[in-house]
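Student: just to be clear, the model below is a prediction. Sequence and coordinates:
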Amino acid sequence: MNIDKAIRKQKRYYKIFMLSIGLIFFMLPGYLFLTSKFYTFYITYLIVLEALIFLAAIIRVDNASLNFKHDGYKLKVNVGIKGGSINIICDKIVLVHVENYEQKNADEGEFRIIILSTSKFRSDRMILVHKGFLKRHAYVAREYNKLKILRPEENFYYTIIRRGELNKYPFLDTVYKSCVYAYFTETSIEKIKYYRQNSENYTLKNKNRNIIHIL
């Protein structure tokens with residue numbers, strides 16, 4: 001699978017979905033006005049349908065939303081509708097881990113990105129590591145304990161990137177290139193390798209290098 005093409009296809013399907021659901025949302029009340037069937041049953045039914053359509057659109061937007069920008073010092077990440085922005089200081093990142101999980105109605109397994117930092121830098125989404133978090137993420141807990149032995153006085157904060165669908169691949173690759181002092185676990189390295197092996201940007205770079213080498 002070429003991930004860059006898959007991302008473009010995902011964006012195209014997203015636009016088609018939003019356009020279709022928008023047309024349905026506005027067509028249903030129009031149909032009711034044209035037929036003049038202003039009965040309690042029809043009005044109630046219409047309100048329920050409109051609410052479900054609106055909810056479906058919100059969920060779709062929320063799941064697909066992942067925007068990020070690297071300015072050389074930090075990564076500014078926007079996740080979900082209400083997720084707000086996360087400011088990630090690249091030099092403060094100490095651990096990047098990926099957890100795979102199965103998702104209903106998905107063609108393949110999803111994954112979440114867990115990031116540990118020694119700074120929260122005015123980001124509400126960077127949360128102080130606590131026992132509940134460590135219980136839920138055993139592998140991260142083991143690595144956290146190692147870090148705590150080396151830096152007993154240091155406070156560690158975490159954030160989890162769940163949304164973004166295929167956009168998480170280029171995001172993870174950007175984190176890898178930007179956070180040079182971070183430790184990337186085996187599962188995160190596997191995702192980065194998979195992205196680079198299936199990204200047309202990296203494929204073109206490798207082809208150009210091979211051509212230059214031959215010349």
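Tutor: Yep, it's here.

Student: drop to CA atoms for contacts and neighbour counts, all remaining ones
Tutor: Will do.

Student: let me know the outermost residue of this structure.
Tutor: Going by C-alpha atoms, centre = their mean, the residue of the chain most distant from its centre is residue 36, 44.9 Å out.

Student: what backbone torsions are found at that one?
Tutor: Backbone torsions for residue 36, taken as degrees, to the nearest 10, come to phi 60, psi 30.

Student: distance check, it against residue 30.
Tutor: Distance of residue 36 to residue 30, given as C-alpha to C-alpha, to the nearest Å: 10 Å.

Student: what does residue 10 give?
Tutor: Residue 10 sits at a distance of 30 Å from residue 30 (criterion: C-alpha to C-alpha).

Student: which one of these two has more residues nearby?
Tutor: Remark: of residue 10 and residue 30, residue 10 carries more neighbours, 17 against 12, as counted by other C-alpha atoms under 10 Å.

Student: just list the residues touching the most centrally placed residue in the chain, thanks.
Tutor: For the chain, the residue nearest the mean C-alpha position is residue 164 (3.0 Å; C-alpha atoms, centre = their mean). Contact analysis of residue 164 by C-alpha atoms under 8 Å, 6 or more residues apart in numbering lists 63, 64, 65, 66, 79, 80.

Student: and for residue 195?
Tutor: 3, 169, 170, 173.

Student: quick check: the second one is in a helix.
Tutor: So the one you mean is residue 169. Yes - under DSSP: H, G, I helix; E, B strand; the rest coil, residue 169 falls within a helix.

Student: so what's it closest to, chain neighbours aside?
Tutor: Leaving aside its sequence neighbours, residue 169 sits nearest to residue 195 (C-alpha to C-alpha, 6 or more residues apart in numbering; 6.2 Å).
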